[in-house]
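K.L.:
Coordinates for the following, if possible.
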Amino acid sequence: MANHQEEETFQRIVAALDGHPSLRNYDLHIQVKGDAVHLQGIVDVLADKELVEGVVRAVPKVGRGINSLTISTDGKLTDEDVLREVEEELAMDLGIGAISPKVKGGVVYLHGEAKTLAHEKAAVWAARKARGVREVVSRLSFPGKCDNATLKNRIERALRTHPQTNHLPVRTAVRRGSVVLQGTVIDQHQKRLVEEIARSTLGVRRVINQLELDLGME
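P.N.:
From the prediction side, this is the model:
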């Protein structure tokens, strides 16, 4: 029998899932035990499976999740069927461009070039929305290599020119395409925004987000 805290967490999870337009129609079984949440049920695509887990993890008091959701295939899809759907999703979301997907056993391999880390992330997410996809593996390469000083200037210029980050005390350290973000922000939204700006900068290969929250900045 669930205790009061577990029941409260359960109700928050249900409300969070019901409040998401692409998830509210799924019939999911949710079990809360302490700070652990066990998820069971059937979803249409890999993207929704990961979205459910993300929504649940964002609920207060949830410490860990066990995602046992099953992905429906609506009948048996061949790799050729999956490939066509992946190509459609890529074309719809960002244009396939220099990205060439291949499928083997329901696993999608993305080959070609991504302009930035943000571009790679968008391509992976688009592929995850196709039916029959079990996993997405990015083998994308990145053009536009540059020296540390140039890359540092690009990131800091992008942060200075963005209206929501131009006042933040963010420091950057760059080495061989890897960027370390340090400093303080008000909330998780600002932390994610700074990281996304860095990821969208041409030449960035990796972002290590060490930003800390400082509620006193409000």
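K.L.:
care to break the protein down by domain?
P.N.:
Domain assignment of the chain by automatic domain parsing yields the ranges 4-71, 79-138, 148-217.
K.L.:
Quick one: the ones you listed as JSON lines, columns for mean pLDDT and mean neighbour count too.
P.N.:
The way it works is simple: take the backbone N, C-alpha and C, and place the C-beta from them, glycine included. Formatted as JSON lines, the domains of the chain follow (pLDDT from 0 to 100; neighbours: other CB atoms under 10 Å):
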{"stretch": "domain 4-71", "mean pLDDT": "88", "mean neighbour count": "15"}
{"stretch": "domain 79-138", "mean pLDDT": "89", "mean neighbour count": "18"}
{"stretch": "domain 148-217", "mean pLDDT": "90", "mean neighbour count": "16"}
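K.L.:
Show the residue spans covered by the helices in this structure.
P.N.:
For the chain, the helices defined by DSSP state H occupy 4-18, 46-57, 79-93, 117-128, 148-161, 188-199.
K.L.:
Out of those helices, the one nearest residue 30 is which?
P.N.:
Evaluated over the helices of the chain, closeness to residue 30 peaks at helix 4-18, with 5.6 Å, by CB to CB.
K.L.:
now the closest one and helix 46-57, what's the angle there?
P.N.:
140 degrees (axes from the mean of the first three to the mean of the last three CA atoms, to 10 degrees).
K.L.:
contacts for the longest strand along the chain?
P.N.:
Using DSSP state E, we find that the single longest strand of the chain is strand 178-185. When contacts are defined by CB atoms under 8 Å, 6 or more residues apart in numbering, strand 178-185 is touched by residues 151, 155, 168-174, 191, 194-195, 198, 201, 204-214, 217.
K.L.:
Out of those, list just those in strands.
P.N.:
Using DSSP E, the contacts of strand 178-185 in strands are 170-174, 206-209, 212-213.
K.L.:
on that earlier part again, quick one: which of the helices of the chain is nearest residue 34?
P.N.:
Closest among those, using CB to CB: helix 4-18, at 7.2 Å.
K.L.:
helices or strands up against that closest one?
P.N.:
Applying 3 or more CB pairs under 8 Å, 6 or more residues apart in numbering; DSSP states H and E, we find helix 4-18 packed against strand 29-33, helix 46-57.
K.L.:
Perfect, that will be all.
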